[in-house]
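S.K.: please work out how this folds:
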Amino acid sequence: MIKRQLRRLLLAAAAVAVLVCVLVWIGRRTPVPGVGAVRVVRQDLTEVVNTNGRVEAIDPTVIRAELNAFVTQVGATEGKQVHRGDFLLRLDTSEAEAQLARNRQTLLDAQDALRAARAGGPADERAQLEADQRKSDAEVERLRTQQAALERLAARQAATPDEVSANRLSLTQAEATAKQIAARKEDLARRARLAVETSQLQVDRANAEIASLEKMVRQGNLTAPAEGTLYLLPVHVGDYVHTGDLLAEIGSLAHLRVRAFVDEPELGPVAQGQQVLISWDALPNQSWEGRTEQVPKTVVPRNTRTVGEVLCSVENASQNLLPNANVSVKIVVRQSKNALVVPRGAIRDEGNHRYVYVVEEGGLGGTTQLLHRREVRLGISSATSYEVLDGVREGDAVALPGDVDLADGIKVRAVVQRLSVGS
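M.R.: Residues are numbered from 1 along each chain as shown. Model prediction:
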């Protein structure tokens, strides 16, 4: 009886000891961390450059004010189709018309002065000089004839020396007067030549000013110079416009151009002929397609950015995408069909090397596995994924970042997630 009780006590003590050992072993055991992972799959991948841009009309007709004036009438509606010659708006040209009348009178005066100058000078002054010259020439000729006669008579002692001397003095005075008249005529001719140049300049200037004013007056009644959509008409009745102010823009909306502002670091893969996708906040349910037409040769500052301006052609058959709109632009720079794809988060960087942690050894879903670091070579990328050219195989499970610090060779309990399909 006593032996049986002793044996029971020993067995109970042994069981307690075993239980304590098991509990100590369990307490000292390191728990296996859980990590998320995804399978490497194949799918089509598209790399795009996302940026913003501005819509422009191709070869638009731009109308600007050529005078300072008030807008007195607007006869067109923005967004409507117009034909050549259609009335657009009217400006107050009364001031220009008054100036035009004054300039036309100035032109007439300058033309009269030019005709007089080309004729040799003022008519009355020329007539007086011609009469004085004829009278002077006749007097000189008379005195010369008389001088010769007196000298012959004096040689025969039929005239006195005093008579000869007196006639010679008169002849000298007459010749001096003739020289003075000739000098006056030469001075008039010189002044006339200068007047021709001055008057011609005045005529030319008056003609230019008249042509400019006539154009201003004509612009007072503005009509469409070409057929197209009047997509911009920023003025209203009562507005005062200055010379050079924009009055209207007309163009075709069926084909537009988008000036995309691509940040300098993203310019590398952009090339001519790439697909472009356009969206506009004003019409969120619509999109437009196009192609890159011209890549930049330089970069320029734009606000706080340094960008290259990429010109893109866009089809706008519905004509509801408008010039000057600010749009979102996606440029499809590269595509890869049936590529091996991993999430961006699975890729780790170390200098110029890229690597992933692959889950290995054993099955998944509750059992433990080891992480193995593998260096990979990458291809194109999207906003969420990378193409892997070398380093992993289809079906491999790669670990994702989380609360656990991933390292080569550690034990984990992986929970495989489904990789979402997308570009």
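S.K.: quick one: secondary structure of Glu78?
M.R.: coil (DSSP: H, G, I helix; E, B strand; the rest coil).
S.K.: so for it, what's the pLDDT?
M.R.: We have a pLDDT of 88 for Glu78.
S.K.: tell me which other helices or strands the helix or strand hosting Glu139 touches.
M.R.: Assigned by DSSP states H and E, Glu139 belongs to helix 123-155. Under the contact definition 3 or more C-beta pairs under 8 Å, 6 or more residues apart in numbering; DSSP states H and E, helix 123-155 sits against helix 161-219. Where C-beta positions appear, they are placed from N, C-alpha and C, glycine not excepted.
S.K.: next helix or strand past the helix it packs on?
M.R.: Following helix 161-219 in sequence, per DSSP H and E, is strand 221-223.
S.K.: return the helix or strand that that following strand is followed by as PDB; C-alpha atoms alone will do.
M.R.: Using DSSP H and E, the helix or strand that directly follows strand 221-223 along the chain is strand 228-232. Listed next in PDB are the C-alpha coordinates belonging to strand 228-232 (Å, rounded to 0.1, in the frame of the first residue of the first chain):
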ATOM      1  CA  GLY A 228     -13.000  78.300 -88.400                       C
ATOM      2  CA  THR A 229     -14.200  78.200 -84.900                       C
ATOM      3  CA  LEU A 230     -14.100  81.500 -82.900                       C
ATOM      4  CA  TYR A 231     -12.700  79.800 -79.800                       C
ATOM      5  CA  LEU A 232     -11.600  83.000 -78.100                       C
END
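S.K.: got the contact list for strand 228-232?
M.R.: By C-beta atoms under 8 Å, 6 or more residues apart in numbering, the surrounding residues in contact with strand 228-232 are 57, 60-61, 76-82, 88, 224, 246, 248-253, 319, 322-324.
S.K.: 6 Å - rerun?
M.R.: Ala76, Lys80, Gln81, Val82, Glu249, Ile250, Gly251, Ser252, Leu253, Pro323 (C-beta atoms under 6 Å, 6 or more residues apart in numbering).
S.K.: OK, contacts around Val342?
M.R.: Residues in contact with Val342 (C-beta under 6 Å, 6+ apart) are Val40, Tyr386, Val388, Val398.
S.K.: top of the contacts of strand 228-232 by neighbour count?
M.R.: Counting neighbours by other C-beta atoms under 10 Å, Ile250 comes out on top of those with 25 neighbours.
S.K.: so it makes contact with Asp59?
M.R.: No: between Ile250 and Asp59 there is no contact under C-beta atoms under 6 Å: 10.6 Å.
S.K.: ok, so of the contacts of Val342, who is nearest Gln202?
M.R.: Tyr386 (77.5 Å; C-beta to C-beta).
S.K.: so the closest one is in contact with Leu378, correct?
M.R.: Yes: counting by C-beta under 6 Å, Tyr386 touches Leu378, with 5.1 Å between them.
S.K.: which neighbours do these two share?
M.R.: Contacts common to Tyr386 and Leu378, judged by C-beta under 6 Å, 6+ apart, are absent.
S.K.: look at the two and report which has more neighbours.
M.R.: Comparing Tyr386 with Leu378 by other C-beta under 10 Å, the one with more neighbours is Tyr386, at 24 against 14.
S.K.: which ones are touching that one?
M.R.: With C-beta under 6 Å, 6+ apart, Tyr386 has these contacts: Val342, Arg344, Ile347, Leu378.
S.K.: now do the third one against Arg374, distance only.
M.R.: As judged by C-beta to C-beta, to the nearest Å, Ile347 and Arg374 stand 11 Å apart.
S.K.: give me the number of residues near Glu293?
M.R.: Quick note: Glu293 (other C-beta under 10 Å) scores 16 neighbours.
S.K.: just the element for it, please.
M.R.: With DSSP H and E as the criterion, the answer for Glu293 is strand 283-294.
S.K.: contacts for the helix or strand harbouring Val276 next, please.
M.R.: With secondary structure defined by DSSP H and E, Val276 is part of strand 275-280. Strand 275-280 has contacts (C-beta under 6 Å, 6+ apart) with Ser287, Trp288, Gly290, Cys312, Val314, Ala325, Val327, Ser328, Lys330, Ile331, Val332.
S.K.: what's around Ile63, how many residues?
M.R.: Ile63: 21 neighbours (other C-beta under 10 Å).
S.K.: returning to that earlier point: among the contacts of Tyr386, which are in strands?
M.R.: Counting by DSSP state E, the part of the contacts of Tyr386 found in strands is Val342, Leu378.
S.K.: center of the protein - which residue?
M.R.: What sits nearest the mean C-alpha location of the chain, by C-alpha atoms, centre = their mean, is Arg259, with 8.4 Å.
S.K.: re the thing from before, export the contacts of Tyr386 to TSV and tack on distance to Asn303 and pLDDT?
M.R.: Compiled in TSV, the contacts of Tyr386 are given as follows (distance: C-beta to C-beta, whole Å; pLDDT from 0 to 100):
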residue	distance to Asn303	pLDDT
Val342	36	91
Arg344	28	89
Ile347	32	90
Leu378	32	91
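S.K.: would you list the contacts of Tyr386 in a markdown table and tack on distance to Asp408?
M.R.: Below are the contacts of Tyr386 laid out as a markdown table (distance: C-beta to C-beta, whole Å):
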| residue | distance to Asp408 |
| --- | --- |
| Val342 | 18 |
| Arg344 | 21 |
| Ile347 | 16 |
| Leu378 | 20 |
